[in-house]
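*Asks:* Next input, structure requested:
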Amino acid sequence: MNREVLDGYTFANMLRSGAAALGEKREEVNLLNVFPIPDGDTGDNMFMTIDSGANELSGKTDASIDVVAANAAKGMLLGARGNSGVILSRIFAGIAHGMEGYDKIDIKGLASALESGVDEAYRAVSMPVEGTILTVYKDAVRYASARINENSTFEDFFDDFLKECHSSLDRTPEMLAVLKESGVVDSGGAGFIYIAEGMRRVLGNDSISYSETAVVPQKKTLDLDLFGEDTELVFGYCTEFLLRLQEGMPGKEAFSLPVLKDYLNSIGDSLVAFRDGSIVKVHVHTKEPGAVLSFCQKYGEFLTLKIENMTLQHHDTETAKVAKPVNKRKKYGIVSVAAGKGVKDMFYSLGCDAVVDGGQSMNPSAEDFVKAFRDINADTIFVFPNNSNIILTAKQAAELYTDSVIRVIPAKTIGEGYAAISMFDNTEDAEGIVNELTEIVGGVVTGVVSKANRGTEKNGVAIKEGDYIGFVDDTIYLDEAVRTKALNGLAESIKTGDYDVALLIAGDAVPSDEAQKMKEELADLYKRTEVILIDGQQPIYDYMLVLM
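*Replies:* Here you go, the predicted model:
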């Protein structure tokens, strides 16, 4: 079908088909990890991000293309996980900005909107690295845009786009040595190609049904008997909407986000509200949804609107529970990210107010962070991502949440987070705390022992599938068939005896007697070093050896 313009309905189907296409191939993307352990989660992160955007389009596919793009972008914004997911969300945020004001869009308008996606994605990354999804997307946009002529169709444009996507992806190992050494292409770029292929299939009337994706949330059946004629409204209404500020209503000039938040907090709680251009996103629990709508409609019109009785909404298999009370406002709060009961308990014992579930292969979303920020209710909140792939998501969440000052400490490992939080001095001012903790993070070494899930060669070390490797950051020191030998070899390689404290954190696959034996061996080998054993119960990493 030769289209002269794309409408909202078609673009919505393209996004949903793109999500479904990636859903089918996400495990292939996961396997494109440069490290030979089960840390490949790029496919999952990208899928959960675009899936969040696709879910926002339920029942809204007949809207104008700018409304569809805005809804999808907002869904991806809150659902973004991992670096690849955050970048993907910023690509579609840029596209949405480029489509503002369009009911339908022609090829040149689409090309311009996609270029806005390039600009927004590069702005979102403080130090853009070429040879990643950024490069693949940018190259494809500019190649396809340059080939537009008076006879071009959308099918032609996407064919050119996909052609250059593949060519650029093939070039990524030449741009990033780590990809070339591992013999793989960039996983984020590969994931984006599956999305683009799914979108292209709609233009050929051959889309992938979005309902086929396995993780689409199923609507719960409401038990209407929970709220009878004499039931008292205790929980209020979960009220969510996107509001488009309108010129002449008083519109953009009169609207104030702080004023809105003050009002909503006066008649509700559990508030999340932020502004992106002329669009305002609100989530609030209130007993007066009509008052909320009347107040907001002074400034614009609703793009989406959902109001649910929370007694019905929260009832699943047991009676709805009383909402968690809001904590008293305090000066400082601490959020950490961790996986494994023992590791999470460790962070709570250090004084963390919230520990967000996440880590290697299980990155939290921006919304997970926002919920933690809201529960803590502090003037300044310090965030420890404890994984390099979570830092960007934490920073995006910090931009979304405006009720507190959010300071993200660049902790890339559990060890760095542990050392920094254990030295947290709440008597200092916030800037002094940030400087001190950042310096502490830089002085910690975290060695890891994990089982290799494939054979390869890296850093001159021949790795066999099923063996145990010892590494720090991206540097692999050794490969051993026996886990305990790998730990001993790693401890020697990173000079454990030069440090005052060694924290040995045992994973969920390590028997307690083995862990205790290794603690005693290390203490005997490195007598000046205090060795502390923690039953972390974390997945993937059999041992973490933190040197401080």
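*Asks:* what separates the residue nearest the centre of the chain from residue 46, distance-wise?
*Replies:* Centroid-nearest residue in the chain, with C-alpha atoms, centre = their mean: residue 81, separated by 1.6 Å. Residue 81 sits 8 Å away from residue 46, going by C-beta to C-beta, to the nearest Å. C-beta coordinates here come from the backbone N, C-alpha and C atoms, glycine included.
*Asks:* out of everything not next to it in sequence, what's closest to residue 32?
*Replies:* Leaving aside its chain neighbours, residue 32 sits nearest to residue 187 (3.8 Å; criterion: C-beta to C-beta, 6 or more residues apart in numbering).
*Asks:* I'd say that neighbour and residue 42 touch.
*Replies:* Yes. Applying C-beta atoms under 8 Å, one finds residue 187 in contact with residue 42, separated by 3.9 Å.
*Asks:* Give the residues shared as contacts by these two.
*Replies:* The contact sets of residue 187 and residue 42 overlap at 29-30, 32-33, 84 (C-beta atoms under 8 Å, 6 or more residues apart in numbering).
*Asks:* Please check the residues you listed and keep the buried ones.
*Replies:* Using 16 or more other C-beta atoms under 10 Å as the burial test, the shared contacts of residue 187 and residue 42 include 29-30, 32-33, 84 as buried.
*Asks:* which of these lies closest to residue 99?
*Replies:* Using C-beta to C-beta, residue 84 comes nearest to residue 99 of those, at 22.8 Å.
*Asks:* Shouldn't that closest one be within a strand?
*Replies:* No. Counting by DSSP: H, G, I helix; E, B strand; the rest coil, residue 84 is not found in a strand; it is helix.
*Asks:* Which pLDDT value belongs to it?
*Replies:* If you check residue 84, the pLDDT there is 85.
*Asks:* how much space is there between it and residue 301?
*Replies:* 34 Å.
*Asks:* residues in contact with the residue nearest to the centre of the chain?
*Replies:* Neighbours of residue 81 in contact, by C-beta under 8 Å, 6+ apart: 44-45, 48-49, 363-365, 393.
*Asks:* Using pLDDT, spot the least trustworthy of these.
*Replies:* Ranking the contacts of residue 81 by pLDDT puts residue 363 at the bottom, with 82.
*Asks:* what number of residues lie near that one?
*Replies:* 28 (other C-beta atoms under 10 Å).
*Asks:* Enumerate every residue touching it.
*Replies:* Contact analysis of residue 363 by C-beta under 8 Å, 6+ apart lists 41, 45, 81-82, 85, 387, 389-390, 393.
*Asks:* what's in contact with stretch 184-194?
*Replies:* For stretch 184-194, the surrounding residues in contact (C-beta under 8 Å, 6+ apart) are 18, 21-22, 24-26, 28-30, 32-34, 40, 42-43, 46-47, 83-84, 87-88, 131-133, 135-137, 162, 165-166, 168-170, 172-173, 176, 179.
*Asks:* can you tell me which of the residues you listed are in strands?
*Replies:* Among the contacts of stretch 184-194, DSSP state E puts none in strands.
*Asks:* Buried subset of those residues, written for PyMOL?
*Replies:* In PyMOL, a selection of the buried entries from the contacts of stretch 184-194 looks like this (16+ other C-beta under 10 Å):
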select buried, resi 18+21+22+25+26+29+30+32+33+34+40+42+43+46+47+83+84+87+88+131+132+133+135+136+137+162+165+166+168+169+172+173+176+179
